[in-house]
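# 3D model of this:
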Amino acid sequence: MNLENYIRDIQDFPKPGIGFKDITPLLSNPEATSACLELLASTLADKNINKVIGVESRGFFFGILLAQKLNAGFVPVRKPKKLPFETISASYELEYGTDTLEMHIDAIQKGDKVLIHDDVLATGGTAKAVCELVEQLGGEIVQMNFLMELSFLNGREKLGNKEIFAALTY
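You can find the predicted model right below:
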């Protein structure tokens, strides 16, 4: 199955000049969703992952499915003031300013084997901030998974030698 057939391009969203990759057609098709899940999980056998992080908000869709498939715990990483318990935070650069992500302080235990999942690897700022959160709590990042990588934005460069898998590359 060609998953690219289920990614819709929306021009000038969320602002002029941006080409947005819309995954809602993929999510609305059970066969495409299943094929995508299998592809995202295909590199994870025997990695002993016990926590899967899903990054707000589109990283939640496949993050929770991957956690279930791996019999692992699911950890949401969210924007500030969205989590009810005590949190740690990491800030990252945006094109025009900064943003922050938070995670509960007890979400990752020292030595946890962690898969980080998000929908898109673009400039790498979000992914790098999530890595900082995991490492601050003593987790070991086993792999980073993305539904899509926008390779022309060179996000991998910010992530050092982390193992990265993307189902689709643009």
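# give me the residue at the spatial middle of this protein.
Asp118 (1.5 Å; Cα atoms, centre = their mean).
# could you say which helix or strand contains that one?
Asp118 is part of strand 113-121, with elements assigned from DSSP states H and E.
# counting contacts, what elements does the helix or strand that that strand is followed by pack onto?
As assigned by DSSP H and E, the chain's next helix or strand after strand 113-121 is helix 125-136. If you count contacts as 3 or more Cβ pairs under 8 Å, 6 or more residues apart in numbering; DSSP states H and E, helix 125-136 packs onto strand 51-55, strand 87-94, strand 97-104, strand 113-121, strand 140-149. Quick note: C-beta positions are derived from backbone N, CA and C, even for glycine.
# hmm, back to that, what's across from the residue nearest to the centre of the chain in the sheet?
Phe146 (DSSP bridges).
# which ones are touching Val130?
Ile53, Val55, Val77, Ala90, Leu101, Met103, Ile116, Asp118 (Cβ atoms under 8 Å, 6 or more residues apart in numbering).
# show me what the strand holding Asp118 packs onto, helices and strands only.
Using 3+ Cβ pairs under 8 Å, 6+ apart: strand 113-121 touches strand 51-55, helix 59-70, helix 125-136, strand 140-149.
# with distance to Ile108 added, can I get those in a markdown table?
Formatted as a markdown table, the helices and strands packed on strand 113-121 follow (distance: least, Cβ to Cβ, whole Å):
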| stretch | distance to Ile108 |
| --- | --- |
| strand 51-55 | 6 |
| helix 59-70 | 13 |
| helix 125-136 | 6 |
| strand 140-149 | 9 |
